[in-house]
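1. Let me see the structure of the following:
(one chain, ligands or ions: 1)
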Amino acid sequence: MTEPTSKGILISTAQDLRGRTAVVTGSSSGIGRAVAERLASEGVFVVLSGRDATSLHECAKRISDAGGKSVSVVTDIRDAKAVQGLVDTALKETGRLDIFVNNAGVSYLGNILDAEPESWTNMLETNVFSLLVGCQAAVRAMRASANPGHIVNISSVAALSPESGVYGATKHAVNVITNTLRAELVDDPIQVVTVMPGLVATNIGRNVDPAIVAGLVAMSGLEAEVRPGARLPDEVLQAAQAALGEIMIRPEDIAEGVYFAVSQPAGVHIAEIVIRPNKDFEL
Ligand SMILES: NC(=O)c1ccc[n+]([C@@H]2O[C@H](COP(=O)([O-])OP(=O)(O)OC[C@H]3O[C@@H](n4cnc5c(N)ncnc54)[C@H](OP(=O)(O)O)[C@@H]3O)[C@@H](O)[C@H]2O)c1
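-> Below you'll find the model as predicted:
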């Protein structure tokens, strides 16, 4: 919608998202949880998904405590049927799907020559394969309803670097897939956006060298056990972000970008957003 200001200048105003339905993959932690909470705060019904039931239910409780609505689906999105199941849940619960956020992702850093091939399988299946299936399932549901829709693909600034390893390669793939899908959807009322975060205080580091994560914990000034594959408590991540604000932003900062992209007036298509801290940090 475009509204005149008191000085007669035309400005764009955000769309009202109440009554819409979103699927957010990887909403049991970090960026996905913040996106789910942000959309729910605008009256969007959110289908939450992740593998960790306890964290997922905590997210659902935070949403309901704030007056929002969601349903939780505990699932591994490397299974194509599970991704379709998220869309089916949205349709069963609300009869519609307006927003699909492909956010779930994993990161293993390090040299190609020293890596475990299983880490490549996990990154390719989670960051690329499940995103492709999510895009396809979402477009089919959105086309069936003929409502305008948004697909949000969470990439990374690693996609802007030509030497960002296998993780970066998966995010280059996300950007290529998103651009290709946008071209395929040019005659549909479905918009596709790539969101490229810089370093964000989340649990994405759960598979990186524990010594690096221990350094992060030390900077938080709090005590926390660092175990490979395990999450850090929210308060540790928040304290680390507060201490390292120049190089690390908050999940809520990315959620704000996602909300901006999906709430634009019809006809305004936000194609790409890069959200980064003031200074880049190289692991
Ligand atoms: N944090 C950063 O600095 C940063 C920067 C650029 C881009 N990103 C991207 O942002 C996205 C979100 O990551 P994050 O930073 O929020 O990390 P995070 O805190 O580790 O969250 C990752 C989410 O993905 C889910 N997930 C991973 N594998 C899954 C699977 N096989 N099935 C279902 N869910 C799965 C996790 O759920 P469970 O734990 O419940 O399985 C969790 O909810 C990722 O795509 C990541 O690449 C992050």
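2. Okay, now the unreliable bits of the chain?
-> Residues of the chain that meet the criterion pLDDT under 70 lie in 1-12, 282-283.
3. The same query, at a cut-off of 80, please.
-> Along the chain, the model assigns pLDDT under 80 to residues 1-13, 281-283.
4. Residues of it that sit close to the ligand?
-> Residues of the chain that fall close to the ligand, judged by Cβ under 6 Å from any ligand atom: 26, 28-32, 50-52, 55, 76-78, 103-107, 126, 154, 156, 197, 199-200, 202-204, 206. Bear in mind the C-beta positions are built from the backbone N, C-alpha and C, glycine included.
5. among those, which are in helices?
-> Residues of those located in helices (DSSP state H): 30-32, 55.
6. next one: phi and psi at G19?
-> Backbone torsions of G19, given as degrees, to the nearest 10, read phi 90, psi 0.
7. List the contacts of the residue most central in space within the chain.
-> Geometric centre of the chain, nearest residue: N103, 3.1 Å, by Cα atoms, centre = their mean. The neighbours of N103, taking Cβ atoms under 8 Å, 6 or more residues apart in numbering as the test, are 24-27, 31-32, 35, 152, 154.
8. Surely A261 touches E272?
-> No. With contact defined as Cβ atoms under 8 Å, A261 does not reach E272; the gap is 9.3 Å.
9. what about those two, which has more around it?
-> With other Cβ atoms under 10 Å as the criterion, A261 and E272 differ in neighbour count, and A261 comes out ahead with 22 against 16.
10. Now do I273 against the ligand, distance only.
-> Applying Cβ to the nearest ligand atom, to the nearest Å, the value for I273 to the ligand is 12 Å.
11. bridging residues for that residue?
-> Beta-bridge pairing of I273 under DSSP bridges involves V195.
12. what's near enough to touch R33?
-> Counting by Cβ under 8 Å, 6+ apart, R33 has contacts 27, 55, 59, 62, 251.
13. Remind me what the helix or strand where the fourth one lies packs against, helices and strands.
-> Using DSSP states H and E, R62 sits within helix 53-65. In terms of contacts (3 or more Cβ pairs under 8 Å, 6 or more residues apart in numbering; DSSP states H and E), helix 53-65 is packed against helix 30-41, strand 45-50, strand 70-74.
14. Save those as CSV, and put in distance to V193 too.
-> Listed next are those as CSV, based on distance: least, Cβ to Cβ, whole Å:
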stretch, distance to V193
helix 30-41, 12
strand 45-50, 17
strand 70-74, 22
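15. if we look at stretch 174-194, which residues are touching it?
-> Residues contacting stretch 174-194 (Cβ under 8 Å, 6+ apart): 102, 127-128, 131-132, 135, 139, 142-143, 146-156, 159, 196, 258, 261-262, 266, 269-273.
16. Could you identify the buried members of those?
-> 102, 127-128, 131-132, 135, 139, 142, 149-156, 159, 196, 258, 261-262, 270, 272-273 (16 or more other Cβ atoms under 10 Å).
17. and of the helices and strands packed on helix 53-65, who's closest to K279?
-> helix 30-41 (19.7 Å; Cβ to Cβ).
18. Next, the angle strand 70-74 makes with the closest one.
-> Angular relation of helix 30-41 and strand 70-74 on a 0 to 180 degree scale: 150 degrees, by axes from the mean of the first three to the mean of the last three Cα atoms, to 10 degrees.
19. Name the residues of helix 30-41 that are buried.
-> 30-40.
20. what do you get for stretch 81-98?
-> Using 16+ other Cβ under 10 Å as the test for burial, stretch 81-98 gives 82-90, 94, 96-98.
21. Strands along the stretch 101-250 of the chain, start to end?
-> Ranges of strands in the stretch 101-250 of the chain, per DSSP state E, counting those that start in this stretch, are 149-154, 190-197.
22. how far is the last one from where the chain is centred?
-> Relative to its chain's centre, strand 190-197 lies at 10 Å (Cα atoms, centre = their mean, to the nearest Å).
23. May I have that strand as CSV, with CA atoms only?
-> Extracted C-alpha coordinates of strand 190-197, given in CSV (Å, rounded to 0.1, in the frame of the first residue of the first chain):
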residue,chain,number,x,y,z
ILE,A,190,5.1,-15.6,-5.9
GLN,A,191,8.2,-13.6,-4.9
VAL,A,192,11.5,-15.2,-4.0
VAL,A,193,14.2,-13.6,-1.8
THR,A,194,17.7,-14.5,-0.9
VAL,A,195,18.8,-13.3,2.5
MET,A,196,22.6,-13.4,3.1
PRO,A,197,23.6,-13.0,6.8
